[in-house]
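S.K.: Sequence plus predicted model, see below.
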Amino acid sequence: MSLASDIHLPALQLVNVSMGYRGAAGVVPVLHEVSVGFPERAMTAVMGPSGSGKTTLLHCAAGLERPVGGKVFLGSTELADSDERELTTIRRSRIGFVFQQFNLLPMLTVYENVGLPLRLDGRRVKRQVVMEALRQVGLEDKAGRRPAQLSGGQQQRVAIARTLAAEPEIVFADEPTGSLDRSTGRQVMDLLRRAVDKAGRTVVMVTHDPLAAAYADRVIFLVDGRITGKIDHPTADEVAVELSRWEL
Ligand SMILES: Nc1ncnc2c1ncn2[C@@H]1O[C@H](COP(=O)(O)OP(=O)(O)OP(=O)(O)O)[C@@H](O)[C@H]1O
Ligand SMILES: [Mg+2]
């Protein structure tokens, strides 16, 4: 199935996506027919209680896991139509991922880490591209270091440089500020925001932090594997009010 004729496509669209995991007592459902579009050149935050399915949603959307039902469209490409090899190619060429724990390779230098996705995708690693990505995150002077020689915030900025250098259509970020203090978290959010505003990236980010969510153009709330609400142009206060409903 193709949606190529529609020029107003969201960058990413989930249609009735269901997911579950096999447990001792059969399949435990995690996502229940979730339908949501993520507009291009925008940042969407996904929030919800622990265990509500946020990471699972990101993994299904990024082609890291196959949903048991429904469809995922990346632009006009339907991921379910792709075999494992094609999915790997799509992930390498069109998707970037930023994790809570940075996921840098410890034996590679900062420079080599940033160039790695390009190399894996069979593209030439141009020094200028890698150094420009490092410059954007303010770490061009750390190119020769190993990740262990950097602070947590610096490592997360390297992880962001790594996704920027590969120029993906969509950047997925799973609690990118979860391991950082508040002011370092703010720097990381500024970078993701700039990736949207200056480089035209689409960002889908899971966060528990209302201050981080306020950087987004839209927040969607996921509770027990279902989307229960959304806020456009959220403020931290509005988000905090919504969160306090679950915490009662
Ligand atoms: N690989 C897996 N195998 C079995 N169950 C899983 C697997 N991954 C996730 N789950 C279960 O699916 C549910 C949703 O998990 P998920 O990681 O998506 O939640 P989350 O919203 O990201 O939570 P958190 O905020 O704590 O990161 C949980 O009950 C979890 O135990
Ligand atoms: Mg999670």
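M.R.: Alright, I've got the coordinates. Ligands and ions are numbered 1, 2, ... in the order given.
S.K.: quick one: what helix or strand has the residue nearest in space to the middle of the chain in it?
M.R.: Geometric centre of the chain, nearest residue: residue 172, 1.0 Å, by CA atoms, centre = their mean. Using DSSP states H and E, residue 172 maps to strand 170-174.
S.K.: Let me see the residues that make contact with that strand.
M.R.: Contacts of strand 170-174 with the rest of the structure, by CB atoms under 8 Å, 6 or more residues apart in numbering, involve 11-12, 38, 54-55, 58, 61-62, 74, 94-100, 163, 192, 195, 201-206. To be clear about C-beta, it is placed using only N, CA and C from the backbone, and glycine gets the same treatment.
S.K.: for this protein, what are the low-confidence residue spans?
M.R.: Low-confidence segments of the chain, defined by pLDDT under 70: 1-9, 248.
S.K.: how about the residues of it near ligand 1?
M.R.: Listed as neighbours of ligand 1 in the chain under the rule CB under 6 Å from any ligand atom: 21, 30, 48, 50, 51, 52, 53, 54, 55, 56.
S.K.: Do I have it right that the first one meets residue 53?
M.R.: In this case it means residue 21. No: between residue 21 and residue 53 there is no contact under CB atoms under 8 Å: 10.5 Å.
S.K.: Settle it for me: which of these two has more neighbours?
M.R.: Taking neighbours as other CB atoms under 10 Å, residue 21 and residue 53 compare with residue 53 leading, 24 against 11.
S.K.: Common neighbours of residue 21 and residue 53, please.
M.R.: Among the neighbours of residue 21, those also in contact with residue 53 (CB under 8 Å, 6+ apart) are residue 30.
S.K.: for the protein, what spans make up the helices?
M.R.: In the chain, the helices defined using DSSP state H lie at 54-61, 84-94, 110-120, 127-136, 152-165, 182-197, 210-213, 236-247.
S.K.: and residue 99, how many residues sit next to it?
M.R.: By other CB under 10 Å, the residues close to residue 99 number 17.
S.K.: what's the neighbour count on the residue nearest to residue 104 when sequence neighbours are not counted?
M.R.: Leaving aside its chain neighbours, residue 104 sits nearest to residue 147 (4.1 Å; criterion: CB to CB, 6 or more residues apart in numbering). Neighbours of residue 147 under the rule other CB under 10 Å: 20.
S.K.: what about residue 147, distance to residue 201?
M.R.: Residue 147 sits 23 Å away from residue 201, going by CB to CB, to the nearest Å.
S.K.: now residue 91
M.R.: Using CB to CB, residue 91 is found at 16 Å from residue 201.
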